[in-house]
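sequence and predicted structure are below.
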Amino acid sequence: MPAVSKGDGMRGLAVFISDIRNCKSKEAEIKRINKELANIRSKFKGDKALDGYSKKKYVCKLLFIFLLGHDIDFGHMEAVNLLSSNKYTEKQIGYLFISVLVNSNSELIRLINNAIKNDLASRNPTFMGLALHCIANVGSREMAEAFAGEIPKILVAGDTMDSVKQSAALCLLRLYRTSPDLVPMGDWTSRVVHLLNDQHLGVVTAATSLITTLAQKNPDEFKTSVSLAVSRLSRIVTSASTDLQDYTYYFVPAPWLSVKLLRLLQCYPPPDPSARGRLTECLETILNKAQEPPKSKKVQHSNAKNAVLFEAISLIIHHDSEPNLLVRACNQLGQFLQHRETNLRYLALESMCTLASSEFSHEAVKTHIETVINALKTERDVSVRQRAVDLLYAMCDRSNAQQIVAEMLNYLETADYSIREEIVLKVAILAEKYAVDYTWYVDTILNLIRIAGDYVSEEVWYRVIQIVINRDDVQGYAAKTVFEALQAPACHENLVKVGGYILGEFGNLIAGDPRSSPLIQLNLLHSKFHLCSVPTRALLLSTYIKFVNLFPEIKTTIQDVLRSDSQLKNADVELQQRAVEYLRLSTIASTDILATVLEEMPPFPERESSILAKLKKKKGPNTVTDLEETKKERNSDMNGSTDATLVNASTASTPSPSADLLGLGAAPVTNSAPPPTSSGNLLVDVFSDTSAAPASLAPGSEDNFASPDLASSEQVVSEEPSDAVLDADELFHKFICKNNGVLFENQLLQIGLKSEFRQNLGRMFIFYGNKTSTQFVNFTPTLICSDDLQLSLNLQTKPVDPTVEGGAQVQQIVNIECVSDFMEAPTLNIQFRYGGTLQNISVKLPITLNKFFQPTEMNSQDFFQRWKQLSSPQQEMQNIFKAKHPMDTEITKAKIIGFGTALLEDVDPNPANFVGAGIIHTKSIQIGCLMRLEPNLQAQMYRLTLRTSKETVSRRLCELLSEQF
């Protein structure tokens, strides 16, 4: 509310406010308010017409009553009448009442809009300002519909006063945020950019806020703002505090405008060389000023100065193209890590997390590791400690992994409960990712369970099991280590689960030591049995039956355990059933049958880590955990050269919390049979990368799929396929750059593909081969597409014979039409009966967007001209990643050509780089694509940049191609 002065003559309002303040109780206040409301109502309904002063006074009283928390259901019309007054104070109160009390559904909205239009057309700057403020305060869709076309005209008009331009820019920004579809882009967009050159810094500040928001959605419309923003920023940064006296805040020239300009520049990639040099000078000047002694000891000075500095550092990180600036920014942030101000330490840690993902500044960030570790130990604020954990996680690589993991484990013992689970996940990820010595990995995870067992999710201990089973060199050490850990008087239940599983599989490797004899192992596990939950007890029972196969000498002891009343008459049906069936199995089965049923579990298939997925889900998108996607590895692949990907513990290969990890379950006879020998392989993998046979395959000769002359010496054997769902990533990676191959193979079924594509059309031949001597019945392959995919991809299939004889093969043809770009892939689901058992197999069908490429040849000039045209952030997708395969030039060229683009020779100034061009053909649109791959042989890394005219296409193609190198 405006201040009430004696000259204003609103004595009645001052008396009413005084009476309210003097009330001794709530009841007295309500009584006084009701009396006043009755008086105002009578005045409004009276026969005598009220003058403007009286209306203003009574509307002010209603406003005050409303602010006290009481409902106001009258007086709106009187407030609207005040809008037509020519007196500023009366019009101001009217607009204030409407902004606060009138909703967008009011019947008076038309009258209000007419009054606003009259004021906007009056060219009176005071009245125009009041009207614009009202529009922005209400900000409803109705207001946007009425004035979104009018306000831009006021904003760019040559005769509009500066104060009105400021209000118009901010009013338009408010309407765009609430109803972006109602704000038309037109000729005014190019003119509003030139407001960045306005002499009035208030206008520039308001215009920068507007342009920044508009540029995020329409970058092409406002790309000319980059050079103007750099020019204006340069003038501010190089000016003395006395040059911009009206906009200097505690010796810092125009800090708010500087921040807004730096934020606007973050909407675009690095500018052209002419502007880039000037921008680099500005950023260097800002960094230099941060090193100068403060010109004032007041906190306002440091706040303004640091606000500009941190926004400049954000821009440096966003561009990620100037190594010198990145290192300087890192050093400046390193000084803040020991600052006495908590907020500065927090912001420094947060910014350094992002810097750690840059190949130019990663090493500089690592130099501050001791300071960050000290912050983790001494910080009193939990949010700062959490950022320190994030930074340690981001700066971790193979050279410092053991130190960082050790410090995280030490901190975990005293960490706040709110962040313990997150620290556990990060320790598990780092220990696995940078484990060169897997004994260290096992020790780390067991220590993790000991320190914070309650926060160790099932994904973590599942992953331990998978790694131990997949690596022969660590199995004996793991068995010995968990045996020693279980001897502690108090063990966490997760440790019992890990110990039970590992000893059940590999306890024989330590049974030769009298201190860990079979009977001692059994007694040690059984001593924990009564303290565990039902799922863990079920797992231990499976371990006991495994011991029957590993250690026949204690078979009788195990049978006594299974035969006890506590097991055979257990109240839990799962435990009772396991005890009964395991006891019966150990009694009637021969040694050979036991050895077959209870054989060692096969290696788990390698898949994406569910631990990392769980951490991302916990932290949410666009946080420090997303750095895992873009962080540049500086040594070798994680876990050595053999493990290029992580296992997805949440897929079918990983049991649920109550599942039997030992693969025995309630029906032990379902354990997978031994793999058949090569002589039993009735089908042939003619597409195998390891076989020389495909070279002799006649083009278009589909009968060669089962040709006995092309026998492959290798056979891929998987687990029993009943109800198996295969992870799509491994299959996709194999087929991104080729069209022929074996898509899936297990002991029963082999699926092969041959496909061809031209423009937006394709045809795929799917071959189903029965590898057994028994026929498949009710054989039904089905293509499954999501609703979105059905709109983008037309698939037509021909049915296949429902019976597939033993050793035979059937063919299915799929006709493909690409209607529009797509992100997903269809799923091929196959159901059939084999030996009376229903088999269900689902695989992702490798129909990817790059299959519809048509290569395009162009010279260097055309390539880089088109490259510059596709320069907006939405059109470019870049990924920097570690090389997963040897960096061979010829293989790289072959993969780029196989991906679908034309490989353009002698185009890039750097002969080591690879560039390509092509057009994605869909039924609705053709999408041009430019690709640039920059290898770094010394760092064993690639930088892949894709630019297309559509953001989703750039992202999808970048994802697909990144997996090939």
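Good, I have the coordinates.

can you give me the strands in the stretch 251-400 of the chain?
Listed from the start of the chain, the stretch 251-400 of the chain has strands (DSSP state E, counting those that start in this stretch) covering 252-253.

which residue ranges of it form helices?
Here the stretch 251-400 of the chain has its helices, by DSSP state H, counting those that start in this stretch, at 255-265, 273-291, 299-319, 323-336, 342-355, 362-366, 369-378, 382-395.

need those in a markdown table with distance to I520, can you?
To be clear about C-beta, it is placed using only N, CA and C from the backbone, and glycine gets the same treatment. Conversion of the helices of the stretch 251-400 of the chain to a markdown table gives the following (distance: least, CB to CB, whole Å):
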| stretch | distance to I520 |
| --- | --- |
| helix 255-265 | 66 |
| helix 273-291 | 65 |
| helix 299-319 | 57 |
| helix 323-336 | 54 |
| helix 342-355 | 48 |
| helix 362-366 | 46 |
| helix 369-378 | 41 |
| helix 382-395 | 40 |
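
tell me which of these lies nearest to P886.
Ranking the helices of the stretch 251-400 of the chain by their distance to P886 (criterion: CB to CB) puts helix 362-366 first, at 23.5 Å.

residues of that closest one that come out buried?
362, 364-366 (16 or more other CB atoms under 10 Å).

mind putting the helices of the stretch 251-400 of the chain into JSON lines with distance to Q790 and mean pLDDT?
What follows is those, written out as JSON lines (distance: least, CB to CB, whole Å; pLDDT from 0 to 100):
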{"stretch": "helix 255-265", "distance to Q790": "41", "mean pLDDT": "93"}
{"stretch": "helix 273-291", "distance to Q790": "46", "mean pLDDT": "89"}
{"stretch": "helix 299-319", "distance to Q790": "38", "mean pLDDT": "91"}
{"stretch": "helix 323-336", "distance to Q790": "46", "mean pLDDT": "90"}
{"stretch": "helix 342-355", "distance to Q790": "39", "mean pLDDT": "91"}
{"stretch": "helix 362-366", "distance to Q790": "44", "mean pLDDT": "89"}
{"stretch": "helix 369-378", "distance to Q790": "50", "mean pLDDT": "89"}
{"stretch": "helix 382-395", "distance to Q790": "40", "mean pLDDT": "91"}
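
looking at the ones you listed, spot the one closest to H921.
With CB to CB as the criterion, H921 lies closest to helix 299-319 of those, at 33.9 Å.

figure out how far the closest one is from the centre of its chain.
Mean C-alpha position of helix 299-319 versus that of the full chain (CA atoms, centre = their mean, to the nearest Å) differs by 26 Å.

any chance you could list what contacts it?
Contact partners of helix 299-319, identified using CB atoms under 8 Å, 6 or more residues apart in numbering, comprise 249-252, 255, 258-259, 262-263, 265-266, 269-270, 282-283, 286-287, 289-290, 294-295, 322, 325-326, 329, 332-333, 341, 344, 347, 351, 354-355, 358.

list buried residues within those.
Burial by neighbour count, 16+ other CB under 10 Å: within the contacts of helix 299-319 this picks out 249-252, 255, 258-259, 262-263, 265-266, 269-270, 282-283, 286-287, 290, 322, 325-326, 329, 332-333, 344, 347, 351, 354-355, 358.

what is the least confident helix or strand in the chain?
Taking mean pLDDT, DSSP states H and E as the measure, the chain has strand 724-725 as its least confident helix or strand, at a mean of 39.

and the nearest residue to R177 once chain neighbours are set aside, its phi and psi?
Of all residues beyond its chain neighbours, the one nearest R177 is T213 (6.8 Å), with distances taken as CB to CB, 6 or more residues apart in numbering. The main-chain torsion angles of T213 are listed as degrees, to the nearest 10 and equal phi -70, psi -40.

can you tell me which residues contact T213?
Contacts for T213 were tallied using CB under 8 Å, 6+ apart; they are 173, 176-177.

at 10 Å instead, please
Under the criterion of CB atoms under 10 Å, 6 or more residues apart in numbering, the neighbours of T213 are 172-173, 176-177, 180, 264, 267.

now G453
424, 461, 491-496.

switch those residues over to TSV; also include neighbour count, distance to S542 and pLDDT.
Written out in TSV, the entries for the contacts of G453 read as follows (neighbours: other CB atoms under 10 Å; distance: CB to CB, whole Å; pLDDT from 0 to 100):
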residue	neighbour count	distance to S542	pLDDT
V424	27	26	90
W461	23	15	84
C491	21	18	87
H492	17	20	90
E493	17	16	90
N494	24	17	90
L495	22	17	92
V496	25	13	93
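
looking at those residues, spot the one nearest F66.
Within the contacts of G453, proximity to F66 (CB to CB) peaks at V424, which comes in at 51.9 Å.

shaky segments in the chain?
Screening the chain residue by residue with the criterion pLDDT under 70, one finds the ranges 1-9, 47, 104-106, 240-243, 606-610, 612-732.
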